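>>> Any chance you can model this:
(one chain, ligands or ions: 1)
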Amino acid sequence: MKKIAVLVSGGGSNLQSIIDSIDNGDIKNAEISVVISNKESAFGLERARKSGIDAVFSNDEGEIKNIIQQYGCDLIVLAGFLKILSKDFINAFENRIINIHPSLIPSFCGVGYYGMNVHRAVVEYGVKVSGATVHFVEVKADAGPIIMQEVVEVLPEDTAEDVSKKVLEVEHRLLPKVVGLFSENRVRLKGRKVFITEIR
Ligand code: GRF
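Numbers count the residues shown, from 1 in each chain. I've put the predicted structure just below:
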């Protein structure tokens with residue numbers, strides 16, 4: 001059984017999609033051991049509590065690292081986690097931290113591109129597609145090897161809110177899908193390339 005730590009800073013709808021996918025059996029070989037937020041008021045902590053999952057507030061990176069290690073987590077999922085993580089933290093969990101970003105990396109990502117900022121930039125630029133990306137976390141923001149992406153169409157009349165809704169729908173499918181693949185040991189990283197191994 002893979003043990004997962006989910007780190008949140010806000011509403012936790014991506015966390016909820018993982019909880020629901022475990023509860024309905026879509027994700028078979030994983031459990032969320034702990035949810036940690038750097039924001040005491042994050043609704044994501046409330047979602048965890050409602051599902052009987054340990055929910056911890058901490059804004060101290062060292063403490064967060066110790067908590068994850070104490071729970072013996074195999075995979076760390078950043079789901080709307082807005083605190084920048086240090087090289088030490090990332091190196092402590094090499095190739096075991098994944099993040100979901102609401103654009104098609106390498107577009108509209110990096111410092112300052114989070115939440116609605118991403119979708120506003122997408123609309124302003126006038127791109128025809130956007131989407132969501134799940135990637136490994138490295139020190140440079142949103143720059144780790146890409147695991148999976150899914151595209152949404154952007155119409156000229158779309159507002160940033162319209163794009164946000166379309167992308168969030170995709171996120172809620174994509175992140176649980178990737179967590180499921182990790183739980184089945186089907187994600188292989190070679191250099192920057194990520195291979196998804198077939199079901200044996
Ligand atoms: C999502 O759009 C995610 O892509 C980004 O932050 C948002 C988190 O939303 N990283 P929620 O807290 O999971 O509802």
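
>>> who's in contact with the residue in the chain positioned nearest to the ligand?
Of all residues in the chain, residue 80 sits closest to the ligand, at 2.5 Å by CB to the nearest ligand atom. C-beta here means a position set from N, CA and C on the backbone, and glycine is covered the same way. Shown in contact with residue 80 (CB atoms under 8 Å, 6 or more residues apart in numbering): 8-15, 44, 100.

>>> Can you name the next helix or strand after the top helix by length along the chain?
The longest helix of the chain (DSSP state H) is helix 160-183. Using DSSP states H and E, the helix or strand that follows helix 160-183 in sequence is strand 187-190.

>>> Buried ones in that next one, by neighbour count?
For strand 187-190, the neighbour count (16 or more other CB atoms under 10 Å) marks residue 187 as buried.

>>> Distance from the chain centre to the longest helix of the chain, please.
When C-alpha coordinates are averaged (CA atoms, centre = their mean, to the nearest Å), helix 160-183 and its chain have centres 9 Å apart.

>>> Stretch 141-154 now?
Per CA atoms, centre = their mean, the centroid offset for stretch 141-154 relative to its chain is 11 Å.

>>> same question, stretch 73-82
How far stretch 73-82 lies from its chain's middle: 6 Å, per CA atoms, centre = their mean.

>>> Residue 85 is in contact with residue 138, isn't it?
No - Residue 85 is beyond contact range of residue 138, at 9.8 Å (criterion: CB atoms under 8 Å).

>>> Now do the helices in the protein.
Using DSSP H, helices in the chain cover 13-23, 43-50, 61-71, 87-92, 116-125, 160-183.

>>> How about the residues of this protein by the ligand?
8, 10-15, 44, 79-80, 100-102, 115, 168, 171 (CB under 6 Å from any ligand atom).

>>> Looking at those, spot the one nearest residue 62.
Nearest to residue 62 among those is residue 8, at 18.9 Å by CB to CB.

>>> now that closest one, which residues is it bridged with?
residue 37 (DSSP bridges).

>>> Closest to residue 130 out of the contacts of residue 80?
Proximity of the contacts of residue 80 to residue 130 (CB to CB) peaks at residue 100, which lies at 13.7 Å.

>>> Just give the number of residues close to that closest one.
Residue 100 has 23 neighbours, counted by other CB atoms under 10 Å.
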